[in-house]
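In: need the 3D shape of this:
(one chain, ligands or ions: 1)
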Amino acid sequence: MRRKLIAGNWKMNKTLPEAVELAGELKKQVGNVNNVDVVLCPPFPMLFSVGEIIKDSNIKLGAQNLFWEEQGAFTGEVAAPMLTSVGCQFVIVGHSERRKYFGETNQTVNRRIKAALKFGLTPILCVGETLEQREAGSMETVVTTQVKEGLADFSADEVAKMVIAYEPVWAIGTGRNATPEQAVEVHSLIRELLKSQYGADLANKFRIQYGGSVTPQNANELLQEEEIDGALVGGASLKADSFVAIIKAGELLSHA
Ligand code: PGA
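Out: Next up is the predicted model:
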């Protein structure tokens with residue numbers, strides 16, 4: 001049984017006082033979680049302070065993006081060693097909002113993952129099709145290409161250190177989550193692909209999260225699927241109550 005991973009992607013939300021308040025509340029309520037991995041991904045300026053708050057707890061810290069170079073004249077960018085120096089263990093890579101608004105491609109995603117791994121960060125590679133792609137019948141091709149190209153040239157040992165989040169673009173921030181059946185279909189597709197490329201052992205241990213309008217209302221039915229190894233949560237991670245409820249669902253179902 002794979003341990004579920006619940007990550008909160010705060011996106012471009014929360015000022016420092018708000019971030020501190022939320023992190024403090026989460027630490028109080030779920031700082032001792034045991035049967036599930038919990039990661040908070042606040043915006044860059046809040047990483048250090050949130051990290052300080054959660055450092056004596058079981059909650060882990062993640063960033064929302066990174067650049068592939070280690071240092072230098074890249075105004076506005078943030079490098080992997082900077083993230084690890086403030087306590088990050090995870091980093092989201094290739095989120096669909098980065099692909100849509102900031103020109104992220106499978107090739108740049110690949111370079112970012114490489115930098116993350118070099119510094120011991122666990123990349124959460126986001127993949128997922130748009131509504132048009134789904135309706136045109138190309139979901140399978142899109143997701144397969146994103147996984148293949150995102151993971152190009154990595155060894156099985158490297159891939160084993162990653163997490164993939166299946167996030168259908170049409171489900172993100174829309175209130176319209178994928179049904180468990182829809183998510184399981186794509187997760188199975190990804191797992192089969194991993195199996196064919198890196199072997200059954202890796203594929204069986206590999207964690208694939210679902211993301212897109214996960215709420216306390218639908219967390220149970222999604223997370224009870226064995227194929228769904230956790231959730232990448234946007235909107236519902238911005239309030240302690242709703243995020244805690246999702247974490248508790250993950251904790252309970254990790255037991256099952
Ligand atoms: P959402 O976002 O939960 O607000 O749909 C998920 C994500 O983009 O990671």
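
In: the residue sitting furthest away from the middle of the chain and the ligand, how far apart?
Out: Centroid-distance maximum for the chain: residue 73 at 28.4 Å, with CA atoms, centre = their mean. The gap separating residue 73 from the ligand is 31 Å, by CB to the nearest ligand atom, to the nearest Å. Every residue, glycine included, has its C-beta placed from N, CA and C.

In: so that residue, which of the three states?
Out: coil (DSSP: H, G, I helix; E, B strand; the rest coil).

In: I'd like to know how far it sits from residue 79.
Out: For residue 73, the distance to residue 79 equals 12 Å [CB to CB, to the nearest Å].

In: all helices of the stretch 101-250 of the chain, in order?
Out: Counting by DSSP state H, counting those that start in this stretch, the stretch 101-250 of the chain has helices at residues 106-118, 131-135, 139-150, 156-159, 180-198, 200-205, 216-223, 240-255.

In: what sits closest to the residue of the stretch 151-256 of the chain found nearest the ligand if chain neighbours are left out?
Out: Nearest residue of the stretch 151-256 of the chain to the ligand (CB to the nearest ligand atom) works out as residue 234 at 2.3 Å. Counting by CB to CB, 6 or more residues apart in numbering, residue 9 is the residue found nearest to residue 234 once chain neighbours are left out, at 5.1 Å.

In: one more: residue 212?
Out: residue 171 (2.7 Å).

In: hang on, the one you found packs against residue 177?
Out: Yes. Judged on CB atoms under 8 Å, residue 171 makes contact with residue 177 at a distance of 5.3 Å.

In: now for these two: what residues contact both?
Out: Common contact partners of residue 171 and residue 177 (CB atoms under 8 Å, 6 or more residues apart in numbering): 212, 213.

In: what parts of the stretch 51-200 of the chain come near the ligand?
Out: With CB under 6 Å from any ligand atom as the criterion, the stretch 51-200 of the chain meets the ligand at residues 167, 172, 173.

In: now for this protein, the helix or strand with the poorest mean pLDDT.
Out: helix 240-255 (a mean of 92; mean pLDDT, DSSP states H and E).

In: same for that helix, what does it pack against?
Out: With contacts taken as 3 or more CB pairs under 8 Å, 6 or more residues apart in numbering; DSSP states H and E, helix 240-255 sits against strand 4-9, helix 16-30, strand 36-41, helix 216-223, strand 230-233.

In: can you tell me which of these is most buried?
Out: Most buried of the helices and strands packed on helix 240-255 by mean neighbour count (mean count of other CB atoms under 10 Å) is strand 230-233; its value is a mean of 28.

In: chain center to that strand, what's the gap?
Out: 7 Å (CA atoms, centre = their mean, to the nearest Å).

In: over to stretch 98-112?
Out: 15 Å.

In: may I see the buried residues of it?
Out: Neighbour counts using 16 or more other CB atoms under 10 Å place 98, 99, 104, 106, 108, 109, 110, 112 of stretch 98-112 among the buried residues.

In: so how far does that stretch reach from one end to the other?
Out: Counting by CA to CA, to the nearest Å, you get 12 Å between the two ends of stretch 98-112.

In: and if you look at stretch 116-132?
Out: 31 Å.

In: go on, stretch 229-248?
Out: 14 Å.

In: on that earlier part again, what's the separation between the residue farthest from the centre of the chain and residue 67?
Out: Going from residue 73 to residue 67 by CB to CB gives 12 Å.

In: likewise for residue 95?
Out: Relative to residue 67, residue 95 is positioned 15 Å away (CB to CB).

In: then residue 170?
Out: Taking CB to CB, one finds residue 170 at 29 Å from residue 67.

In: just residue 242 next, same as before
Out: Taking CB to CB, one finds residue 242 at 31 Å from residue 67.
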